[in-house]
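> model the following, please.
(chains A and B)
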Amino acid sequence: MSSTNHSNVSYLEDKKGLWNWLTTVDHKKIGLMYLGLILASFLVGGILAMLVRMELISPGEDFYSADTYNRFFTMHGVVMIFLFIIPSIPAALGNFVLPLMVGAKDVAFPRLNLASWYIYVVGLLLAFWALLYGGVDTGWTFYTPYSSEVKGPVAMIGLAVFILGFSSILTGLNFIVTIHKLRLPGITWFNMPLFLWGMYATAIIQILATPVIGITMVLLLFERMSGIGIFDPSMGGDPVLFQHFFWFYSHPAVYIMILPAMAIISELISTFSHKKIFGYKAIAYSSVAIALISFLVWGHHMFTSGQSRFAAMVFSFLTFGVAVPSAIKVFNWLATLYKGSISLETPMLYALSFLFLFTIGGLTGLFLGTLAVDIHLHDTYFVVAHFHYVMFGGTVVAFIGGLHYWWPKMTGKMFNETWGKIGAVLVFLGFNFTFMPQFLAGFRGMPRRYFTYADEFTIFNVLSSLGAFFLGIAFVIVGINLVMSLINGKKAGQNPWHSLSLEWQTQTPPITENFAQDPVITHGPYDYDTQEVNH
Amino acid sequence: MKRIIDWMMPEAASTVSSEIDSITYFIFAVSLVFFLIIVISMIHFVIKYQRKGKLEKTSGVDQNHVLEFVWTAIPTVLLVMMFVWGFRVYLDMSIAPKDSIEIKVTGQKWFWTFTYPNGYVSPGELVVPLNKPVKTLISSRDVIHSMYIPAFRIKMDALPNRYTVAWFEATKPGTYPLFCTEYCGTSHSKMLATVKVLPYGEYLQWLDDMANMATGGDPVELGKKIYAKNACNTCHSLDGSTMVGPSWKGIWNASHQMADGTTVKVDENYIRESILNPQAKIRAGFQGVMPSYQGLLKEQEIEGVIAYIKSLEKN
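As a prediction, the model looks like this:
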């Protein structure tokens, strides 16, 4: 794919300088700019998590007061969800690889893409400002009437969530149009990487669900600032209405977080098994099915809110409906391993971790979807453990796996493989060490968001806190390894993982225009049964 | 494996607990089987098909209709079973028998009160009879709370301006914890109560005793009981340490600066007003989050609290 009429200067070497980066419309640079801020948010959210686990290492007040604790766990949730997980895979990795995968020069609306980044920056600054201003203690769920009354910069955080939503909507819009319009001839709907199906399904939710959280936050702001009763019963409002609005976005948002992770896993499993993906259409359609059903299950967060028995039944039934396509995906990934040529490099270790952890996350969801059992487990540590297995064991592990996978393409440098593997194994161990005991605490009835707890729960909390510190150290190792690769990493070749996917068929790192000339598509991204890979 | 579940779950002390534990057992068993199938085949494939030597073309197998049907159909059937079983037990749990004893449960920051049919208000302690259905009518005076009794496997939100219903029938005498499970601010984790299950006769006796609580007795002792039972201790310390509210130590007869700049001497009238209308005078440096105890404490009990605070000054 070498070219005669283009220079081979990579996008990183092409046009340097701060001003160039801040005004760039290159999707690759914007992806890296997102990546920097997203990783910074992950660091802040992680430090808050450590502070929370530190206090919980024994019952009673150890290091700081209940009010401080309540602020820490709230800000941990807000930062991790709105600033880190939601944008992590689509905005950082998706931005970088999506146009490469369709063989385009950029996304459909490059300037809108830059605008999304600036909107994200405004939301991020507002959220961090509110954090420095003392933070809020409402929980990331902002349940009314508590959040309508409580002192603190709730309005500021609400505004931040509102603004961040626009960034998410515009990114989704950009991706949908790019996938529809900019695919090269020869890349058909069923011949494109499954990563794109995942991004597409995610974008549908981003566009349709995000406006609802925006509207909800605006209503909450109105109520706090002007005393119009919408959610606060003392002013004639309905607090449960808030929960409906909130979960109408926030449940689909869970799939904004997990679908991109599943999208990455399809790429990793196929590449590192060097094997045609099993059940392409099943995986693609199950992404869309999950996206659509995700709009109809929000009521399963409200089984104890006094909603009608009929509603509870419908929501429970539909919740099991999401379990089927999720299970199908896992089985397809497993079948892809069959008769493959499996190489256990760092990204693959994360993919296998994902299979293990996401399976636990998914299966524990069955307890919560079952009405009678959920009544016991709702709002206990079981729920905390469950969603961390899905969001962290699932999404974050896939994100870190994807980051290692595309790292050479993004930076032109190889990370140290040995340390990469050590990091992956430590993250896996530390994660289970942290969250497995929380399932037990939850089964035994320990409520979540508790500053102090009964003595019988001490053992689970001690284990969980020690696990969290272990996990923190594991991430430091992962981070140092990636940073070191920038300083003294080996130069990466064009296709270090021997993939057939299009992003690996251009130079590393790519030129600003991605491809020197439009590649000719002669095979699909997973045709490892017929194609030799040149490397 | 039944053992594992019994160890995992809290003591089962209501009619529905064992049924819920059976569903939990079923889901746990199904999950474990699927988990093992997935992880073992993953490890097996990874070992068996590990890349050795040169990178070569691999098998093009990418579908198998029988296999795909099986791995869709079997989970679907199992999931429908979980749904149906869970829903049936949920119906049993949510429709109270007609002859239930009705107790009103009120949550407020950060304590629970239980109002009995005879009008007696029990703060912090829910006493119920053994083997009789009890229907709780739950509401809140401020933000959303949630009543959770792990031993009975029940949980229901307490909403302001609305009643929600939960019912249970206790099957084992004993005392069990009751938690608040909807985040409600500073002392959420201290918003606890005790559930005490008594044989029916003893329950009636207790209710009778409480309703006619002896009018004599030492007011200081009464105040001391109120301090613990009505959750005054959640916010007011006795050792001088500052919690959500001012400590009671040495507070009697002291002059305190209020948030509006005025100075108030702590006397009988000030304490009385602070119990019934806590927002009237807020001490400087505190947030003024105390709820009113109007209607919750009897005249004599208020006097008991005053006497108790006086007694703290002496020691």
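> elements contacting the host helix or strand of residue B:226?
Remark: residue B:226 resides in helix B:219-229, with elements defined by DSSP states H and E. Helix B:219-229 is packed against helix B:299-314, with contacts defined by 3 or more CB pairs under 8 Å, 6 or more residues apart in numbering or on different chains; DSSP states H and E. For every residue, glycine as well, the C-beta is placed using N, CA and C.
> now the helix it packs on: average pLDDT?
Within the predicted structure, the mean pLDDT of helix B:299-314 is 84.
> relative to helix B:219-229, how tilted is it?
Between helix B:299-314 and helix B:219-229, the angle formed by their directions is 100 degrees, by axes from the mean of the first three to the mean of the last three CA atoms, to 10 degrees.
> per-residue pLDDT, the residue located most distally from the centre of chain B?
Relative to the average C-alpha location in chain B, and by CA atoms, centre = their mean, no residue lies farther out than residue B:54, which sits at 62.2 Å. Taken from the predicted model, the pLDDT recorded for residue B:54 is 83.
> helix, strand, or coil at it?
The assignment at residue B:54 comes out as coil when based on DSSP: H, G, I helix; E, B strand; the rest coil.
> show residues contacting the one helix or strand residue B:169 maps to.
For residue B:169, the element it lies in under DSSP H and E is strand B:164-169. Strand B:164-169 is contacted from outside by A:306, B:14-16, B:93-94, B:96-97, B:100, B:131-139, B:147, B:149, B:152, B:154-158, using CB atoms under 8 Å, 6 or more residues apart in numbering or on different chains.
> give me the distance between residue A:341 and residue B:46.
11 Å (CB to CB, to the nearest Å).
> more crowded one of those two?
residue A:341 (21 against 16; other CB atoms under 10 Å in any protein chain shown).
> quick check: phi and psi on that one?
For residue A:341, the backbone dihedrals are phi -120, psi 90 (criterion: degrees, to the nearest 10).
> what do you get for residue B:134?
Reported as degrees, to the nearest 10, the phi and psi values for residue B:134 are phi -120, psi 130.
> next, count neighbours for the residue nearest to residue A:57 when sequence neighbours are not counted.
Closest residue in space to residue A:57, ignoring its immediate chain neighbours: residue A:465 at 4.2 Å, by CB to CB, 6 or more residues apart in numbering or on different chains. The criterion is other CB under 10 Å. On that basis, residue A:465 has 20 neighbouring residues.
> mind listing what residue 100 touches?
Let's take chain A. Applying CB under 8 Å, 6+ apart, one finds that residue A:100 lies in contact with A:409, A:502, A:503, A:506, A:510, A:514.
> the chain in question should be chain B.
B:132, B:133, B:134, B:135, B:167.
> helices and strands of chain B: which one bottoms out on pLDDT?
Lowest on mean pLDDT, DSSP states H and E among the helices and strands of chain B sits helix B:2-8, with a mean of 75.
> next structured bit after it?
Using DSSP H and E, the helix or strand that directly follows helix B:2-8 along the chain is helix B:17-48.
> select only the buried ones of the contacts of residue B:100 in PyMOL?
A single PyMOL command selects the buried members of the contacts of residue B:100 (16 or more other CB atoms under 10 Å in any protein chain shown):
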select buried, chain B and resi 133+134+135+167
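> and the contacts of residue B:100 as TSV, adding pLDDT?
As requested, the contacts of residue B:100 are exported to TSV (pLDDT from 0 to 100):
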residue	pLDDT
B:132	96
B:133	97
B:134	97
B:135	96
B:167	96
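> identify each buried residue in stretch B:105-125, please.
For stretch B:105-125, the buried set under the neighbour-count rule, 16+ other CB under 10 Å, comprises B:105-116, B:120-125.
> is any part of whichever helix in chain A runs longest close to chain B?
Among the segments of chain A that qualify as a helix by DSSP state H, the longest is helix A:239-273. Yes: shown here: helix A:239-273 in contact with chain B (CB under 8 Å from any CB of the partner chain) through A:239, A:240, A:273.
> which non-adjacent residue is nearest the last one?
In space, and not counting its chain neighbours, residue A:273 is closest to residue A:340: 3.1 Å by CB to CB, 6+ apart.
> now do the helices in the stretch 151-300 of chain B.
In the stretch 151-300 of chain B, the segments counted as helices under DSSP state H, counting those that start in this stretch are B:200-211, B:219-229, B:268-276, B:299-314.
> mean neighbour count for those - can I get that in CSV?
Written out in CSV, the entries for the helices of the stretch 151-300 of chain B read as follows (neighbours: other CB atoms under 10 Å in any protein chain shown):
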stretch, mean neighbour count
helix B:200-211, 14
helix B:219-229, 18
helix B:268-276, 16
helix B:299-314, 18
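> save those helices as TSV, and put in distance to residue A:450 too.
Supplementary listing: the helices of the stretch 151-300 of chain B in TSV, determined by distance: least, CB to CB, whole Å:
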stretch	distance to residue A:450
helix B:200-211	30
helix B:219-229	21
helix B:268-276	28
helix B:299-314	28
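> what's stretch A:182-196 in contact with?
Among residues not part of stretch A:182-196, those counted as contacts by CB under 8 Å, 6+ apart are A:97-99, A:101-104, A:107-108, A:179, A:263-264, A:266-267, A:277, A:280-281, A:283-284, A:287, A:501-502, A:518-522, A:524-525.
> what's the average pLDDT for that stretch?
Per-residue confidence for stretch A:182-196 averages out to 94 on the pLDDT scale.
> okay, buried residues for that stretch please.
Using 16+ other CB under 10 Å as the test for burial, stretch A:182-196 gives A:182, A:183, A:184, A:187, A:192, A:193, A:194, A:195, A:196.
> low-confidence ranges in the stretch 201-315 of chain B?
By pLDDT under 70, the low-scoring segments of the stretch 201-315 of chain B are B:213-217, B:313-315.
> write out the residues of it neighbouring chain A.
Counting by CB under 8 Å from any CB, the residues of the stretch 201-315 of chain B close to chain A are residue B:287.
> in the stretch 201-315 of chain B, what residue is nearest chain A?
For the stretch 201-315 of chain B, the nearest residue to chain A under the criterion CB to the nearest CB is residue B:287, separated by 7.8 Å.
> quick one: pLDDT of residue 23?
Let's take chain A. Turning to residue A:23, the model gives it a pLDDT of 94.
> wrong one, I was asking about chain B
At residue B:23, the pLDDT value in this model is 95.
> how many other residues sit next to it?
Counted with other CB under 10 Å, the neighbours of residue B:23 add up to 22.
> didn't it look like it was pressed against residue B:89?
Yes: judged on CB atoms under 8 Å, residue B:23 makes contact with residue B:89 at a distance of 6.4 Å.
> for the two, list the residues in contact with both.
residue A:372.
> near chain B, which residues of the stretch 1-150 of chain A are found?
Contact residues, the stretch 1-150 of chain A versus chain B (CB under 8 Å from any CB): A:66, A:67, A:70, A:137, A:138, A:139, A:143, A:145, A:146, A:149, A:150.
> now those residues in JSON lines, with neighbour count?
Below are the residues of the stretch 1-150 of chain A next to chain B laid out as JSON lines (neighbours: other CB under 10 Å):
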{"residue": "A:66", "neighbour count": "21"}
{"residue": "A:67", "neighbour count": "17"}
{"residue": "A:70", "neighbour count": "24"}
{"residue": "A:137", "neighbour count": "26"}
{"residue": "A:138", "neighbour count": "26"}
{"residue": "A:139", "neighbour count": "19"}
{"residue": "A:143", "neighbour count": "22"}
{"residue": "A:145", "neighbour count": "25"}
{"residue": "A:146", "neighbour count": "25"}
{"residue": "A:149", "neighbour count": "17"}
{"residue": "A:150", "neighbour count": "18"}
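> since that was my last question, I'll sign off now.
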